[in-house]
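[1] whatever this is, show me its structure:
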Amino acid sequence: MNNLLRNTSLDEYISNYEIFDINNPPENKKDYLKLRNELMNQCKKFTGHVNNERKLFINHDNFYISLISKTSQNIDNCFRKNNLSYKKQINDIKSKNKKIYRQNQIILKQKKKIQNIELSNSWKLTKPLRFLKNVLK
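    Numbers count the residues shown, from 1 in each chain. From the prediction side, this is the model:
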């Protein structure tokens, strides 16, 4: 299989199925068994536990369908949660923008009042008195 994947293009395989017999593939090498046993021994030394069970999925299709279904549900739940959070944030922003607008309107009115006071004759006439008051402090 390794040679098939590394040395054969899809077009080559399609044109000559005899390159690799998928119905009767060669047996895998057992080189990994030594490493596997060493790893199991290290785990046993570390945890003090050996799990000799080998889980086989007799019906792979059901397992993968279940896995995909759970993943899909998780993605859907995350999307719904994020969407609700997004809508809440948008509503908060709108509410705060309205509040800012109202505050700006109040500020504009107050600036207008101050401007009217400073342009009034009484303000101009009392300017020297205010100056003297500040100097005498």
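
[2] what's the average pLDDT for the longest helix seen in the chain?
    Ordering each helix of the chain by length in residues (DSSP state H) puts helix 60-119 first. Helix 60-119 comes out with an average pLDDT of 85.

[3] any idea how far that helix is from the chain center?
    Taking Cα atoms, centre = their mean, to the nearest Å, one finds the center of helix 60-119 at 17 Å from the center of the full chain.

[4] need the next SSE after it, C-terminal direction.
    Next helix or strand after helix 60-119 toward the C-terminus (DSSP states H and E): helix 121-125.

[5] can I get the helix or strand following that following helix in CSV, CA atoms only?
    The element immediately downstream of helix 121-125 (helix or strand, assigned by DSSP H and E) is helix 127-136. Below are the C-alpha coordinates for helix 127-136, written out as CSV (Å, rounded to 0.1, in the frame of the first residue of the first chain):
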residue,chain,number,x,y,z
LYS,A,127,-16.6,90.7,32.1
PRO,A,128,-14.5,93.3,34.0
LEU,A,129,-16.1,92.4,37.3
ARG,A,130,-15.3,88.7,36.7
PHE,A,131,-11.7,89.6,35.9
LEU,A,132,-11.4,91.7,39.1
LYS,A,133,-12.9,88.9,41.2
ASN,A,134,-10.3,86.4,39.8
VAL,A,135,-7.4,88.8,40.4
LEU,A,136,-8.5,89.5,44.0
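
[6] now do the buried residues in helix 127-136.
    Going by neighbour count (16 or more other Cβ atoms under 10 Å), nothing in helix 127-136 comes out as buried. C-betas here are computed from N, CA, C, even on glycine.
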